[in-house]
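> dropping a prediction and its sequence here:
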Amino acid sequence: MNMFISFTRLLAIILLFALNATLFAQLNTQIKYKDRGSRGTSSAIIYFSDENGADNVSPEEFVDYTNVFFTIKPHHSDERGYFKEKDILEDLTLISLFQDGQEVPMNGSLKQISNGSGRVDRVVIAFGKRNVVLYKPIEFRSPIDTAAQILLPDKYFKYYFEYEPIYVEGINQSDTRDYISTYHSMMKIVDAAQTNEEVVNYSFWESASQTYIETAIEQHVDSLSNTLERLHLAFLQEFSKSSLRQQDSVYNGILQAQKTFEPYMNMDFPKGAIYAGLFDALIDESGSLIAENYKRFNRYEMQFLETSEYDTYEFYLYIDLLARMYCSLDTLKLLDGLLPVDISLLDNIPEKKQELINMGWVNKFVSVLNVVNNNVQENGFLFGDSVMGNLQRQVPNQHQPYHEIFIAFNYLDKNPPMFKNYLSEAIKKCTDEDLIEDMEMWILSYSLTINGIDTKTVASINRGIQLIEQKKWEEADNTFTILTKKANTVAPPWFYEGVIKFENDEQFSAEAMFARALERYPLYIAPRVYNFEILYDQENFEGLLLAVDDAIVANDIWLFHFWKARALFAQAKYKDAITEIEGNCNELNPWAVPAYFLLGDAYLELYNYDKAEAAYRATQTIDDYLDPGTFNEKMTRLLELRKN
């Protein structure tokens, strides 16, 4: 490759000198200046010179000249070899210089130069440099002849020494494959030509304005295309996110290249329009390729969720995290469609986040989350048919109602009522109070939205919730006292006013507020759970059982049945508690560890040690990763009772 570069450079230099040599060969011309009748005509040679008739004019010296000099000498066919005074005064003085058909005035008189014999064998004529356009053909005329034109080499042009170094720099940059720099260097020459006609007359003009720029564009774009192709092939082998990011970077490089080369492509050069069309095609093809690779990546990442099962802990953890993150809702909102979630939500689930870190799964989970978020942004749903089909197939094995949760959010954009219905079904089966709380916030938000509650009221409720979280009880109380008056028919302000009373040990006032919240929304779970806690702490188990039965009539969910089992157990109604767990709790969700511990406790109280042990051991079967502390305590007590 170095040999090729050297050859390219050498070829450019040879061409440059060849062009200059061609021009140099036109530094003299022959002109007939005198008609001698029957004896023919007298001819002379006119050549570019210095003021003393020397033909080796240095370009560096010429820069400082104020005149352009030409010397007239007798033609070699002239036997005499010198000019007579009459020739000079009557004939040579009539020779004129023309450019573009206009005569250029002579600057001063002819300067006669004698040879060693004292004969005038050369006559120097001068023209003001500012009157001669150096890059245009120079034509000499006599009364009887028009001479062939003289063309000065570009090294004598006014701005040559300004642009020739730029051209050489561009060649050097091309040799080192720095094509962008080559382009910018040569474009300085092209841009100069837009206002300076001299530039297009340089011997290197075509090479600079076409050859090197075309090479720069083609080589740079080829490099980008080849890099993209290489990354594409590598991606098909490994399906890595980093490869996609690199492809994006190359695509941005192509866009930048188009922007960089656009000025040239908009000019009237032979390949300008061709390059513009090729760039458009390349951008379309590259964009389509990368878009398809993103789809391939999404499909690849989704394969894990499309085919894995809950007994694969990584799958279970990802599904659980995704459900919690999309359900996460700390405050109420007016529904505005399905939105992506931020990875920072993992901070709200520190134990599970630490699991991802410990297992080395953070990057993979982030990739999966990005794919799901991409589905949200582009399609308005979380999962497509393949993942949803896999989740539906495994409904009997899901510990929480993940399938129902994801169906709900898939409907959020296109059918909010279906979103609410599926979320309600999820709550019915859910055994995790944090998930239930989040899902209920979504349902409350749905209710506020369809009932047309204004944004100011929602914002005020949320400010009050934040004050409660900050334990600023007085400010929170003032906020909700106002809201219970301004938004009297809305349930949440009454509930949160009850929370404030509860946290400040005003249980009876709290119960009254919770009751008002339930009057406005009988399906409200949170105030009933607070009432259950109050009654349980008061050991009013009969009242608790009545409250739970009333709750089940309004909203038949696992959580309320579990509370009923707790109330029955607290009343020593162990058989009824067993019936409630086995007939209702486990029918709604057979994967709840607390229910099996309570079931074991109930059998233990009835001295049915075998069934108690079976219930306790079931906790280890349904959750392979359960902390064994409680299980060991239960089994130790069971063993002691058996011994006695």
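Here it is on my side, so go on.

> strands of the stretch 451-600 of the chain, residue ranges please.
With DSSP state E, counting those that start in this stretch, there are no strands along the stretch 451-600 of the chain.

> typo on my end, the chain
All strands of the chain, identified by DSSP state E, fall at 28-35, 41-49, 67-74, 96-99, 102-104, 111-114, 120-128, 139-142, 145-146.

> now these as a markdown table including mean neighbour count and distance to Ser223?
Every residue, glycine included, has its C-beta placed from N, CA and C. Listed next are the strands of the chain as a markdown table, based on neighbours: other CB atoms under 10 Å; distance: least, CB to CB, whole Å:
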| stretch | mean neighbour count | distance to Ser223 |
| --- | --- | --- |
| strand 28-35 | 19 | 48 |
| strand 41-49 | 20 | 46 |
| strand 67-74 | 22 | 47 |
| strand 96-99 | 17 | 46 |
| strand 102-104 | 12 | 51 |
| strand 111-114 | 14 | 59 |
| strand 120-128 | 20 | 51 |
| strand 139-142 | 20 | 49 |
| strand 145-146 | 15 | 54 |
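
> count residues in the vicinity of Leu638, would you?
A count of nearby residues for Leu638, using other CB atoms under 10 Å, gives 19.

> got a list of what it touches?
600, 604, 609, 612-613, 616 (CB atoms under 8 Å, 6 or more residues apart in numbering).

> restrict stretch 205-223 to CA atoms and write it as PDB.
Listed next in PDB are the C-alpha coordinates belonging to stretch 205-223 (Å, rounded to 0.1, in the frame of the first residue of the first chain):
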ATOM      1  CA  TRP A 205      -7.200  23.000 -10.800                       C
ATOM      2  CA  GLU A 206      -8.800  19.900 -12.300                       C
ATOM      3  CA  SER A 207      -6.800  17.600 -10.000                       C
ATOM      4  CA  ALA A 208      -7.700  19.600  -6.900                       C
ATOM      5  CA  SER A 209     -11.300  20.300  -7.800                       C
ATOM      6  CA  GLN A 210     -12.100  16.800  -9.100                       C
ATOM      7  CA  THR A 211      -9.500  14.000  -8.800                       C
ATOM      8  CA  TYR A 212      -8.500  14.500  -5.200                       C
ATOM      9  CA  ILE A 213     -11.900  15.600  -3.900                       C
ATOM     10  CA  GLU A 214     -13.600  12.700  -5.700                       C
ATOM     11  CA  THR A 215     -11.100  10.300  -4.300                       C
ATOM     12  CA  ALA A 216     -11.500  11.800  -0.800                       C
ATOM     13  CA  ILE A 217     -15.300  11.400  -1.000                       C
ATOM     14  CA  GLU A 218     -15.200   7.900  -2.400                       C
ATOM     15  CA  GLN A 219     -12.600   6.600  -0.100                       C
ATOM     16  CA  HIS A 220     -14.200   8.100   3.000                       C
ATOM     17  CA  VAL A 221     -17.600   6.800   2.100                       C
ATOM     18  CA  ASP A 222     -16.200   3.400   1.200                       C
ATOM     19  CA  SER A 223     -14.500   3.300   4.600                       C
END
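
> run the chain-centre distance for that stretch.
Relative to its chain's centre, stretch 205-223 lies at 29 Å (CA atoms, centre = their mean, to the nearest Å).

> next one: the nearest residue to Glu440 once chain neighbours are set aside from Thr29, what distance?
Leaving out its chain neighbours, the residue that sits closest to Glu440 by CB to CB, 6 or more residues apart in numbering is Ile525, at 5.3 Å. Between Ile525 and Thr29 the distance, using CB to CB, to the nearest Å, works out to 106 Å.

> picking that back up, so which of the strands of the chain is nearest Ser209?
With CB to CB as the criterion, Ser209 lies closest to strand 96-99 of the strands of the chain, at 24.4 Å.

> counting contacts, what elements does the closest one pack onto?
In this structure, strand 96-99 packs against strand 102-104, strand 139-142, with contacts taken as 3 or more CB pairs under 8 Å, 6 or more residues apart in numbering; DSSP states H and E.

> tabulate those (CSV), appending distance to Met418 and mean pLDDT.
Formatted as CSV, the entries for the helices and strands packed on strand 96-99 read as follows, by distance: least, CB to CB, whole Å; pLDDT from 0 to 100:
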stretch, distance to Met418, mean pLDDT
strand 102-104, 87, 97
strand 139-142, 90, 97
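
> which one, of these, ends up nearest to Asp432?
Of all the helices and strands packed on strand 96-99, the one in closest proximity to Asp432, counting by CB to CB, is strand 102-104 (96.6 Å).

> re the thing from before, out of the contacts of Leu638, which is most surrounded?
By neighbour count, taken as other CB under 10 Å, the most surrounded of the contacts of Leu638 turns out to be Gly600 (27 neighbours).

> quick one: contacts for the nearest residue to that one once chain neighbours are set aside?
Spatial nearest neighbour of Gly600, excluding adjacent residues (CB to CB, 6+ apart): Ala615 at 3.5 Å. For Ala615, the set of contacting residues under the criterion of CB under 8 Å, 6+ apart consists of 596-597, 599-600, 603.

> can you tell me which of the residues you listed end up in helices?
Those of the contacts of Ala615 mapping onto helices are 596-597, 599-600, 603, per DSSP state H.

> now flag whichever of the residues you listed is closest to Arg299.
Out of these, the one with the shortest distance to Arg299 is Tyr596. That distance is 39.3 Å, counting by CB to CB.
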